[in-house]
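Asker: how would this look folded up:
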Amino acid sequence: KVVYRNTANPANPVVLSDSGSLDGAAGESVPYTADQVRAKLEEYKKAGYELVTDGYTGYTYNEATKSFERTGTTVPTFDGVDGEQVFNVDLKPRVVPITPEKPVDPSKPVDPTDPTSPNYPKPDNPEALKLTEDVKRTVRYVDQNGNVVSPEVVDNLGFKREGTINLVTGETTLGDWTPT
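Answerer: This is a model prediction of the structure:
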């Protein structure tokens, strides 16, 4: 069978789905096609995952062409229970940078040029939606009687921060504020 796993924690992969048992005799083609794998990979990509290794068809994702290409080799394992041959397709959540120039917007795709790009998830921290801050400071110079002794000074300061967002979970990390 073909098993799709989340390997964000490689020591404890989580099974996302599998093809079910694929029966056949030795030397015969397996009744699970490369097109079925590619379709499942597209489904997981749309859900925010990225391919780590494809032990069934040898597919890799080509960012330049925005498509899965068959370039690797297959690596079966055995389940250790009933001798069933298992082909692991390992995925992990895609983590992308967020910046004031490329902010999180759950209504928009991460990559508008890629029709299979997932939309940004709702971030776990609402602060991820605000990556810029403007601060205004006004200094007024008056004597002890309240008379203006000098023109007021107004400073406008801008700050920004960057971070990352997990496209599967919405988990965000935010950096420190820096002046702009």
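
Asker: now for the longest strand seen in the chain, which elements pack on it?
Answerer: Counting by DSSP state E, the longest strand found in the chain is strand 148-160. On a contact count with 3 or more Cβ pairs under 8 Å, 6 or more residues apart in numbering; DSSP states H and E, strand 148-160 meets strand 132-142, strand 178-179. All C-beta spots, glycine's among them, are computed from the backbone N, C-alpha and C.

Asker: buried stuff in the helix or strand following that strand?
Answerer: For strand 148-160, the following helix or strand on the C-terminal side (DSSP states H and E) is strand 163-166. Across strand 163-166, burial judged by 16 or more other Cβ atoms under 10 Å covers 163, 165-166.

Asker: so which of those residues is the closest to residue 11?
Answerer: residue 166 (18.6 Å; Cβ to Cβ).

Asker: what bridges to that closest one?
Answerer: Beta-bridge pairing for residue 166 (DSSP bridges): residue 95.

Asker: shift numbering so it begins at 43
Answerer: Noted, 43 is the first residue going forward, which turns the last one into residue 208.

Asker: that one and residue 135 touch, don't they?
Answerer: Yes: if you go by Cβ atoms under 8 Å, residue 208 and residue 135 touch, sitting 4.9 Å apart.

Asker: give me the most central residue, this protein.
Answerer: residue 136 (2.6 Å; Cα atoms, centre = their mean).

Asker: and the average pLDDT for the helix or strand hosting residue 80 is what?
Answerer: Using DSSP H and E, the element containing residue 80 is helix 76-88. Helix 76-88 shows a mean pLDDT of 88.

Asker: alpha carbons of that helix, in PDB - could you do that?
Answerer: Output of helix 76-88 as PDB, limited to C-alpha atoms (Å, rounded to 0.1, in the frame of the first residue of the first chain):
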ATOM      1  CA  ALA A  76       1.500   7.500 -10.700                       C
ATOM      2  CA  ASP A  77      -1.500   9.700 -11.700                       C
ATOM      3  CA  GLN A  78      -3.300   8.800  -8.500                       C
ATOM      4  CA  VAL A  79      -0.200   9.600  -6.500                       C
ATOM      5  CA  ARG A  80       0.200  13.000  -8.300                       C
ATOM      6  CA  ALA A  81      -3.400  13.800  -7.700                       C
ATOM      7  CA  LYS A  82      -3.000  13.000  -4.000                       C
ATOM      8  CA  LEU A  83       0.100  15.100  -3.800                       C
ATOM      9  CA  GLU A  84      -1.700  18.000  -5.400                       C
ATOM     10  CA  GLU A  85      -4.500  17.600  -2.800                       C
ATOM     11  CA  TYR A  86      -2.000  17.700   0.100                       C
ATOM     12  CA  LYS A  87      -0.100  20.700  -1.500                       C
ATOM     13  CA  LYS A  88      -3.400  22.600  -1.600                       C
END
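
Asker: mind giving me the packing neighbours of it?
Answerer: Using 3+ Cβ pairs under 8 Å, 6+ apart: helix 76-88 touches strand 44-48, strand 91-96, strand 101-104, strand 109-112, strand 127-135.
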